[in-house]
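[1] Below is the sequence, then the predicted model.
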Amino acid sequence: MCGINGFIKKDVSDSEAHRMLGLMNRIIVHRGPDDQGEFVGKVGEVTIGMGMQRLAIIDLSSGNQPMYSDDQSIVIVLNGEIYNYRELRNKLREEAVVFHTESDTEVVLRLYEQHGTDSFKLLDGMFGFSIYDKRSDKVFIVRDFFGEKPLYYKSDNSELVWASELKSIISIMQEKPEINVTALNLYFKLTYIPAPYSIYTGIHKLEANHFLEVNVRNCEIKKHIVHPKKLATQKLPLSFEDAMSKTRELVTESVLSRSVSDVPIGTFLSGGVDSSIVTLLLARHAPQKINTFSIGFEKKSFDESNKSRIVANLVNSNHYEFILGERDMEQAMGTVILNFDEPFADSSAIPSYLVASETARHVKVALTGDGGDEVFGGYNKYYMGKINNQYTSLVPERFHNWGVSLLDKILKTPDDRRGKRFKLRRLMHAVDYKGDFYYNIISLGFQQKELKDLFAEEYKRENTFDYYRSKLSDGSSIRDFREVDQLLSLEGDMLVKVDRTSMLASLECRAPFLNKKIWDFTSALPDSFLINGWDKKHLLKRAFESEFPAGFLNKSKQGFGVPVGDWLRGVLKEELMSFIDDAFLSSQSIFKSKYITPLVKNHLSGKADNTFRVWTFYCFQKWYRDVYLH
């Protein structure tokens, strides 16, 4: 696990190349404080630089990077873990390949040496890596199937720069690029920015399941898909009982593959379905008692730590419980928000960082339940799509609009908890008569009609989801909705949150449910296996229900609730007010004061609960002032 950097530039001396790599490395030292390395090479007037910071997890003594082929013609830096590296190494040994280390990085290197870019599709893991092949004068930059590990790149004027974090690229630029208007609109809709966009014009995120092929001599770039999308196939001819058996087999296999480590390992245990199953399987197959980590909250309405204790007792783990107060989260808030390098408004990142930071005191690796909802159908929004289709066929649009206005008055919520009233209002506002329901339901910030009032004319964009629509099926099945989540919510929100908060704490997180084999399996099952009536994650819960106390897997889970609505009215009020100062808004020329100022003030006065929109605005303004203007 580490962070990687690299560039292809003309007319750069070796000393300047090492200076730039050193700067880029130091900026992301939190991603890998155990070791660092640099490579500098030349092709005529072109300089190739590759650097890394390493968090040592596997092969602690000889897994240093950059790593070279025996003839020095191929060099690699890798961020991440290859979970099937032992299996791949054994197959390569059958091809008479000789290894010098026990490192998964060397497996990727030797695999490429033997099979070229076809080797990329053989990798099961979370990774971002770059390979420089002197034989062809090409650089290959590769990102994993789900996008668990980040990769940014900037290409212009026959130069290319890439890195695990935006701040590394910005550090060697003379000035910051302009704000990308499409990304700005996506952020205010979604509260995050999915690939291929970043907040900066000209800097892109390499999309999950893609790799760049770069000609070093002229910096010509070709983008390729690692695993081409399969056309819709017939459903697997499995009975539900067979599907349960296969689920147990695949999930167990994935937990075991993701538990390979030469350092202590534990699990994040929230007490929900996914983390409880991962914890149970790890404990069952571990040679000794495992470590489990959970957080509780001083504010009891947000606290669910009793559920994690039940599982910890069941598996007899060494259980660590961290109780967070609002003061803890307030103190961490600024550091966490700004570490994303671009606007990001998922408030659960704050407790995520705190639990990662506390966990890192005891272990270097933690398994998580991330991805279980996307893979096994765990969200209310998956069956809401079908409700939308039925509703819009029965209720005329004008009556719906009248009903929404009435509900807004009746269902006002006194705080920012995502209870039944909040969910009903969100559902009614997401109802769409033109087929955009799912894009509305995942837009936790502002709806499109609100952005027309929020932005100055030059910052408005209408069809910000068109890029993603072009890559997805136009349907309303659970499979269709899961594909949207894989492309947008997983890559742009949840995996970003987990990667940045855990790496900020120098902790490696692994997600057994994010396994292409499991994804492909569940994608080929009938929708009713995943969601049966109102029972979400039906197959997963049935497959493991006998392992837990009766009814345990059917208990509802709240998630990482954070009282940001209260913070905005309290500890953040003064700073928030400065963000709607007329002079500040005028200097930006992005927002319409006549819309955003009342929105903020009505929240502060308690006239309305505008928590999620105001928090989205606050996080952007904090990034703008503290990052963009510096």
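    That came in fine, so what should we check first? Residues are numbered from 1 along each chain as shown.

[2] residue nearest the centroid of this protein?
    Centroid-nearest residue in the chain: L495, 1.6 Å away (criterion: C-alpha atoms, centre = their mean).

[3] contacting residues around that residue?
    For L495, the residues meeting the contact criterion (C-beta atoms under 8 Å, 6 or more residues apart in numbering) are 146-148, 370. C-beta coordinates here come from the backbone N, C-alpha and C atoms, glycine included.

[4] from the residues you listed, which two are the most distant?
    By the measure C-beta to C-beta, those have their two most distant members at G147 and D370, which lie 12.2 Å apart.

[5] rewinding a little: would you turn the contacts of L495 into CSV with pLDDT?
    Conversion of the contacts of L495 to CSV gives the following (pLDDT from 0 to 100):
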residue, pLDDT
F146, 97
G147, 97
E148, 97
D370, 95
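
[6] Can you tell me which of those is nearest L454?
    Taking the contacts of L495 together and measuring to L454 by C-beta to C-beta, the closest member is G147, at 28.5 Å.

[7] May I ask you to confirm that the closest one is in contact with L487?
    No: with contact defined as C-beta atoms under 8 Å, G147 and L487 do not form a contacting pair (9.1 Å).

[8] Looking at these two, which is more packed in?
    Set side by side, G147 and L487 show unequal neighbour counts under other C-beta atoms under 10 Å, the larger going to G147 at 27 against 20.

[9] Can you tell me how far the more buried one is from M494?
    10 Å (C-beta to C-beta, to the nearest Å).

[10] how about the nearest residue to G334, chain neighbours excluded?
    K622 (7.5 Å; C-beta to C-beta, 6 or more residues apart in numbering).

[11] May I see the buried residues of the helix or strand where that neighbour lies?
    Taking DSSP states H and E as the criterion, the element that holds K622 is helix 611-623. Within helix 611-623, the residues that qualify as buried by neighbour count (16 or more other C-beta atoms under 10 Å) are 611-623.

[12] quick check, nearest of those to F584?
    Set against F584, the nearest of these by C-beta to C-beta is Q621 (8.1 Å).

[13] what about K541, how many neighbours?
    K541 sits with 20 neighbouring residues when counted by other C-beta under 10 Å.

[14] if I look at it, how far off is S275?
    Spatial separation of K541 from S275 under the definition C-beta to C-beta is 14 Å.

[15] same check, this time on M126
    With distances defined as C-beta to C-beta, the gap from M126 to S275 amounts to 18 Å.

[16] Could you do V336 as well?
    Counting by C-beta to C-beta, the separation of V336 from S275 is 21 Å.

[17] So for the two, which sits in the more crowded spot?
    Neighbours per residue, other C-beta under 10 Å: of V336 and S275, the larger number sits with S275, 25 against 22.

[18] On the pLDDT front, check the closest residue to that one other than its chain neighbours for me.
    The shortest distance from S275 to any residue other than its chain neighbours is 3.5 Å, reached at G369 (C-beta to C-beta, 6+ apart). Per-residue confidence at G369 stands at 96 (pLDDT).

[19] what's the burial count for G369?
    Around G369 there are 23 residues (other C-beta under 10 Å).

[20] Would you mind confirming that it is in contact with I277?
    Yes: under the criterion of C-beta under 8 Å, G369 makes contact with I277 at 7.3 Å.

[21] And the helices in the stretch 301-450 of the chain, which stretches?
    With DSSP state H, counting those that start in this stretch applied, the stretch 301-450 of the chain shows helices at 305-315, 326-339, 349-359, 372-376, 380-394, 397-410, 420-430, 437-441, 448-454, listed in chain order.

[22] JSON lines for the buried residues of helix 611-623, including distance to G116?
    JSON lines is the format used below for those (distance: C-beta to C-beta, whole Å):
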{"residue": "T611", "distance to G116": "51"}
{"residue": "F612", "distance to G116": "47"}
{"residue": "R613", "distance to G116": "49"}
{"residue": "V614", "distance to G116": "51"}
{"residue": "W615", "distance to G116": "47"}
{"residue": "T616", "distance to G116": "44"}
{"residue": "F617", "distance to G116": "48"}
{"residue": "Y618", "distance to G116": "48"}
{"residue": "C619", "distance to G116": "43"}
{"residue": "F620", "distance to G116": "43"}
{"residue": "Q621", "distance to G116": "47"}
{"residue": "K622", "distance to G116": "45"}
{"residue": "W623", "distance to G116": "41"}
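
[23] residue ranges of the strands in the stretch 501-630 of the chain, please?
    All strands of the stretch 501-630 of the chain, identified by DSSP state E, counting those that start in this stretch, fall at 508-510.

[24] low pLDDT regions in it?
    557-561 (pLDDT under 70).

[25] swap the cut-off to 80 and go again
    By pLDDT under 80, the weakly predicted segments of the stretch 501-630 of the chain are 556-562.

[26] That one: helices as residue ranges?
    The residue ranges that make up the helices of the stretch 501-630 of the chain, judged by DSSP H, counting those that start in this stretch, are 516-523, 527-530, 538-544, 564-569, 573-579, 582-588, 593-605, 611-623.

[27] tell me what the third one is packed against?
    Identification of packing neighbours for helix 538-544 by 3 or more C-beta pairs under 8 Å, 6 or more residues apart in numbering; DSSP states H and E yields helix 240-257, helix 273-285, helix 372-376, helix 527-530.

[28] rerun at 10 Å
    Helices and strands touching helix 538-544, by 3 or more C-beta pairs under 10 Å, 6 or more residues apart in numbering; DSSP states H and E, are helix 240-257, helix 273-285, helix 372-376, helix 516-523, helix 527-530.

[29] so where's the stretch 301-450 of the chain uncertain?
    301-305, 325-326, 383-393, 397, 399-437.

[30] now with 70?
    Using pLDDT under 70 as the threshold, the predicted model of the stretch 301-450 of the chain has low-confidence ranges 301-304, 407-423, 426, 433, 435.

[31] ok, A608 to F579 distance?
    When A608 is compared with F579 (using C-beta to C-beta), they lie 18 Å apart.

[32] what's the answer for V226, then?
    V226 sits at a distance of 41 Å from F579 (criterion: C-beta to C-beta).

[33] Settle it for me: which of these two has more neighbours?
    A side-by-side neighbour count of V226 and F579, using other C-beta under 10 Å, places F579 first with 21 against 18.

[34] got the contact list for the more buried one?
    If a contact means C-beta atoms under 10 Å, 6 or more residues apart in numbering, then F579 has 572, 585, 588, 591, 596, 600, 614, 617-618, 620-622, 624-625 as its contacts.
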